[in-house]
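# Fold the following and give me the result.
(one chain, ligands or ions: 1)
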Amino acid sequence: MKIDWITYILLCLVAISCRPQTSSQQIDGQTIYSKYCANCHDTGFQNAQVIGDKAGWQSRIAQGFEVLVSHSIDGYMGALGYMPPRGGHFGLSDREIRAAVQYIIQQSQ
Ligand code: HEC
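So this is what the prediction gives:
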């Protein structure tokens, strides 16, 4: 069968977008953070808790990793302001959120 180039390109696109996310795939928390969380958490925009502010993060980290993750996934209203679900990026997977939260904690304790 003769495949013209448009079909060929479409097949390539399908192959790329459908490739399975293998569990061995490394998710880089820092990359996720810089892309999706830094716009608020680097500067305190919208009253976000600034990354690296150890005093500010102490009581948050004390809640435990799972609470921080669930607040990041579901969003929540805190004393400072509103943390939107997944930082407003609904395409982020739970694993990507977890990696970003892990990164924030590493930088803030
Ligand atoms: C639109 C701004 C904004 C973006 C984008 C954003 N956050 Fe937040 N985040 C906030 C604000 C505001 C708070 C503080 C809420 C409070 O406690 O008053 C917060 C708090 C948090 C907390 C602390 C939760 C707790 O229980 O104390 C975590 C963890 C967090 N964000 C993770 C993330 C991650 C991960 C991302 C990226 C995927 C992200 N945030 C993106 C605004 C943002």
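
# And the residue most central in space within the chain, how far from Ser70?
The residue at the geometric middle of the chain, judged as the C-alpha nearest the mean C-alpha position with C-alpha atoms, centre = their mean, is Ile97 (3.7 Å). As for Ile97, its distance to Ser70 is 10 Å (criterion: C-beta to C-beta, to the nearest Å). Placement of C-beta: from N, CA and C, glycine included.

# Show me what residue of the chain gets nearest to the ligand.
The nearest approach of the chain to the ligand comes at Gly78, 2.1 Å away (C-beta to the nearest ligand atom).

# now the helices for this protein?
Across the chain, reading from the start of the chain, the helices by DSSP state H fall at 5-17, 29-32, 38-41, 54-62, 65-74, 94-107.

# Give me the distance between the first one and the centre of its chain.
Put plainly, it is helix 5-17. Once both centres are worked out by C-alpha atoms, centre = their mean, to the nearest Å, helix 5-17 turns out to sit 29 Å from its chain's centre.

# Name the spans of the chain whose pLDDT lies under the cut-off.
Scanning the chain for pLDDT under 70 picks out 1, 16, 18-24.

# Make sure Lys54 is actually in contact with Gln109.
Yes - when contacts are counted by C-beta atoms under 8 Å, Lys54 is listed as touching Gln109 (6.3 Å).

# before we move on, back to that, these two touch, right, the residue nearest to the centre of the chain and Arg86?
Yes - taking C-beta under 8 Å as the contact criterion, Ile97 and Arg86 are neighbours in contact, 6.1 Å apart.

# quick one on the thing from earlier: what's the overlap in contacts for Lys54 and Gln109?
The contact sets of Lys54 and Gln109 do not overlap (C-beta atoms under 8 Å, 6 or more residues apart in numbering).

# returning to that earlier point: contacting residues for the residue nearest to the centre of the chain?
Contact analysis of Ile97 by C-beta under 8 Å, 6+ apart lists Ile32, Val69, Ser72, Ile73, Arg86.

# Same check on Leu11?
Contact partners of Leu11, counting by C-beta under 8 Å, 6+ apart, are Ile3.

# Ok, the one 4 residues further on next?
When the contact criterion is C-beta under 8 Å, 6+ apart, Ala15 has no partners at all.
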